[in-house]
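Peer 1: Predicted coordinates and the sequence they were generated for:
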Amino acid sequence: MLINNAIRGIVFFLAGFFLFFIPPGDLYAEGKVLRYALSKITPRTIDPHMSTHGYEFLMYSTMFNGLVRFKPGTTDIDLIEPDLAESWRVSADGTQWTFNLRKGVKWHKGYGDFTAEDVKFSIERVRDPKTASPWKESFVDIKEVIVSDPDTVKIILKKPSPTFILNLVGVRSGCIVPKKAVTELKDSYGLNPVGTGPFEFKRYVSKERVEVVPNKEYFREKERPKIDGIHFIFVSEESSMVLGLMKKDFDLGAGIDRKDFVLQMQKAGLRVQTIGPGAAVLLFMDPNHKPFDDIRVRKAIMHGINNEELTEALYGPGGKVWNTAVPVGYFGYSEDVPQYKYDIGKAKKYLADAGYPKGIEVTTQASIHPVYLPPMIIIQEQLKKIGVNLNLKQVEHATYHSNIRKGINPLVLYSCVRPPDADIFLTEFFHSTNIPGTNFSSYKKADALIEKARSEMNSKKRKADYIEIQRMIMEDAVAKPLYIRLYSPVRQPYIKYNYEIVNTLTYHEDHLEFVTIEK
């Protein structure tokens, strides 16, 4: 009953009493402009090297390319194919990667031809501490980037890296940006992005929408957009998202994937497709904050959270229970590591053994984002049963993202999508180079093994290293894996994807250039 009441309270909080006012006019332009509603208020940036939010990625992924890409509709590492590169080769020792680039690729807005100098600039921009890119660790193993000629670039690594190619996919750090535009636009580049992708940035209407139009010079001629543009519309109230989709004011909707919303949309005749491998959601505990310096307290939390109940309550068939330190579907994932099943008795005993027979009180921040707040409220209810009184200080999502990277919260809930290899996930969340940053549990013990696995070219040995790293993390009880959120974008029946989507790295369809509006 408590969980049901909590969920109803969450939905009530999110929906509110009043509908969000949506401006009239060209926002709902008829014809072949795709109206894509996002359950957000406003983007912080559309600069791929600086963005951390999934919905920002949804927008900038239409405008940028990497040197390589996943085959559309998959996240199969074996199917990575050329993008801005025509081909590449790797030296026998695995430390030199040479890319032959496409000729004649044009930057948006008349910024000229794409060249090897742009590749060098992009990589060094991410690596430069002054840039403060949250993705700088993607290129930590690079020793040097050499421009051999305008169409050839060579990347020299400090040591072999079997997963290096994943960092060059057109996702965040792998997006190539134009040296000239970034240099000229400076700080304004974040909301005036220039890329090479199938869509070109048109304008940002503050707190309302981002508009993109087809890139008529897109180098993949067969993949040039079939529509006249996209309006990414920011919808701050869930009730407005529901009403807009019901009335066909929106063609697509994303950002809400709870079970009740999905069932409501399906009942109304809209199409909902759940897509994997999904977003991994976990709860970090920082031992720098008492009483989480005591492993017994951390183990009490691990046993005090009911993953199955949490997953079913929030996502139903659109969620997967997750119990290890590498997400399901990633290379290196294994269930052969310590796991913490829900057990109130064990949790209470751990607290008592730690000197807290009457329980503890914990204060931490919680984002008001609909992906973040509902699980925290349910976890709050669950932990009451073991004697943990969790005080949640609700803050705006942008504030939350900023604060959790400063180490000021003892508990951090985080939802993320990363390329499907354990190295990227483990490096970002459990290597000490990301303290402060995304290593929210300030974990240091796995550094040597993470680095060893990163340069291990034998896949069996590398997987064995990953399993050992997961075992260490779980034994030390510094993070509680919770569940995997499958993506659940909602679309009108007249919206056709025109390609098969098996898996995606994004929170949405990963190639909107294929979409058609058939009504």
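Peer 2: Yes, it's here. Residues are numbered from 1 along each chain as shown.

Peer 1: Identify the residue nearest Phe232 in space, chain neighbours excluded?
Peer 2: In space, and not counting its chain neighbours, Phe232 is closest to Val210: 4.5 Å by Cβ to Cβ, 6 or more residues apart in numbering. C-beta here means a position set from N, CA and C on the backbone, and glycine is covered the same way.

Peer 1: which secondary structure element contains the one you found?
Peer 2: In this structure, Val210 sits in strand 209-214 according to DSSP states H and E.

Peer 1: Please name every helix or strand in contact with that strand.
Peer 2: Using 3 or more Cβ pairs under 8 Å, 6 or more residues apart in numbering; DSSP states H and E, the elements in contact with strand 209-214 are strand 199-205, strand 229-234.

Peer 1: quick check: angle from the first one to strand 229-234?
Peer 2: Using axes from the mean of the first three to the mean of the last three Cα atoms, to 10 degrees, the inter-axis angle of strand 199-205 relative to strand 229-234 is 40 degrees.

Peer 1: just to revisit the earlier point, tell me the gap between the strand holding Val210 and the middle of its chain.
Peer 2: With Cα atoms, centre = their mean, to the nearest Å as the basis, strand 209-214 stands 22 Å off its chain's centre.

Peer 1: how many degrees apart are that strand and strand 229-234 in direction?
Peer 2: 160 degrees.

Peer 1: Per-residue pLDDT of Glu56, please?
Peer 2: Predicted confidence (pLDDT) at Glu56: the value is 87.

Peer 1: What's the separation between it and Gly190?
Peer 2: 10 Å (Cβ to Cβ, to the nearest Å).

Peer 1: Report the contact partners of Pro160.
Peer 2: Pro160 makes contact with Asp93, Gly94, Thr95, Ser455, Met457, according to Cβ atoms under 8 Å, 6 or more residues apart in numbering.

Peer 1: Apart from its chain neighbours, what residue comes closest to it?
Peer 2: Using Cβ to Cβ, 6+ apart, the closest residue to Pro160 is Gly94 (3.3 Å).

Peer 1: cool, and Met241?
Peer 2: Distance criterion Cβ to Cβ, 6+ apart; nearest residue to Met241, sequence neighbours excluded, is Val235 at 4.8 Å.

Peer 1: how near is the one you found to Pro193?
Peer 2: In this view, Val235 and Pro193 are 22 Å apart by Cβ to Cβ.

Peer 1: and the two? which has more neighbours close in?
Peer 2: Between Val235 and Pro193, counting by other Cβ atoms under 10 Å, Pro193 is the more crowded of the two (29 against 26).

Peer 1: looking at it, that one is touching Glu56, isn't it?
Peer 2: No. With contact defined as Cβ atoms under 8 Å, Pro193 does not reach Glu56; the gap is 10.2 Å.

Peer 1: where's the residue nearest to Met241 relative to Thr62, distance?
Peer 2: Between Val235 and Thr62 the computed distance is 19 Å (Cβ to Cβ).

Peer 1: Could you pull out the buried residues of the helix ranked longest in the chain?
Peer 2: Under DSSP state H, the helix in the chain containing the largest number of residues is helix 459-476. Neighbour-count burial for helix 459-476, counted by 16 or more other Cβ atoms under 10 Å, picks out 462-463, 465-474, 476.

Peer 1: can you check stretch 337-348 too?
Peer 2: Neighbour-count burial for stretch 337-348 [16+ other Cβ under 10 Å]: Val337, Pro338, Tyr340, Tyr342, Asp343, Lys346, Ala347, Lys348.

Peer 1: Using PDB, list the CA coordinates for that stretch.
Peer 2: Provided in PDB are the C-alpha atoms of stretch 337-348 (Å, rounded to 0.1, in the frame of the first residue of the first chain):
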ATOM      1  CA  VAL A 337      29.700 -12.300  -8.600                       C
ATOM      2  CA  PRO A 338      28.400 -11.400  -5.100                       C
ATOM      3  CA  GLN A 339      24.800 -10.200  -5.200                       C
ATOM      4  CA  TYR A 340      22.600  -8.800  -2.400                       C
ATOM      5  CA  LYS A 341      19.100 -10.200  -2.300                       C
ATOM      6  CA  TYR A 342      16.300  -8.300  -0.500                       C
ATOM      7  CA  ASP A 343      16.500  -9.400   3.100                       C
ATOM      8  CA  ILE A 344      15.100  -7.100   5.800                       C
ATOM      9  CA  GLY A 345      16.500  -9.300   8.600                       C
ATOM     10  CA  LYS A 346      20.000  -9.200   7.200                       C
ATOM     11  CA  ALA A 347      19.800  -5.500   6.700                       C
ATOM     12  CA  LYS A 348      18.700  -4.800  10.200                       C
END
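
Peer 1: ok, residues contacting it?
Peer 2: The contact list for stretch 337-348, computed with Cβ under 8 Å, 6+ apart, reads 299-309, 323-325, 385-387, 467, 470-471, 474-475, 477, 480.

Peer 1: now these: which count as buried?
Peer 2: Using 16+ other Cβ under 10 Å as the burial test, the contacts of stretch 337-348 include 299-307, 323-325, 386-387, 467, 470-471, 474, 477, 480 as buried.

Peer 1: shaky segments in the stretch 351-500 of the chain?
Peer 2: Residue ranges of the stretch 351-500 of the chain with pLDDT under 70: none are present.

Peer 1: ranges for the helices of it?
Peer 2: 373-384, 397-404, 422-430, 447-454, 459-476 (DSSP state H, counting those that start in this stretch).

Peer 1: coming back round to it: which residues touch the residue nearest to Pro160?
Peer 2: For Gly94, the contact set (Cβ under 8 Å, 6+ apart) comprises Leu157, Pro160, Ser161, Pro162, Met457.

Peer 1: pLDDT on stretch 272-288, on average?
Peer 2: For stretch 272-288, the mean per-residue pLDDT is 91.

Peer 1: Mind splitting this protein into its structural domains?
Peer 2: Domain segmentation of the chain under automatic domain parsing yields 2-63+197-271+489-517, 76-182, 276-486.

Peer 1: Any idea how far the first one is from the middle of the chain?
Peer 2: Pointing back at domain 2-63+197-271+489-517 there. Distance of domain 2-63+197-271+489-517 from its chain centroid, counting by Cα atoms, centre = their mean, is 16 Å.

Peer 1: what do you get for the longest one?
Peer 2: On the basis of Cα atoms, centre = their mean, domain 276-486 is displaced by 16 Å from the centre of the chain it belongs to.

Peer 1: just checking, what's the longest strand in the protein?
Peer 2: Looking across the chain with DSSP state E, the single longest strand is strand 275-285.

Peer 1: by contact count, what packs against that one?
Peer 2: Packing contacts for strand 275-285, counted by 3+ Cβ pairs under 8 Å, 6+ apart, involve helix 295-304, strand 411-416, strand 479-487, strand 503-504.

Peer 1: on that earlier part again, same list (the helices of the stretch 351-500 of the chain) but as CSV, adding distance to Ala354.
Peer 2: CSV is the format used below for the helices of the stretch 351-500 of the chain (distance: least, Cβ to Cβ, whole Å):
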stretch, distance to Ala354
helix 373-384, 15
helix 397-404, 25
helix 422-430, 23
helix 447-454, 27
helix 459-476, 15
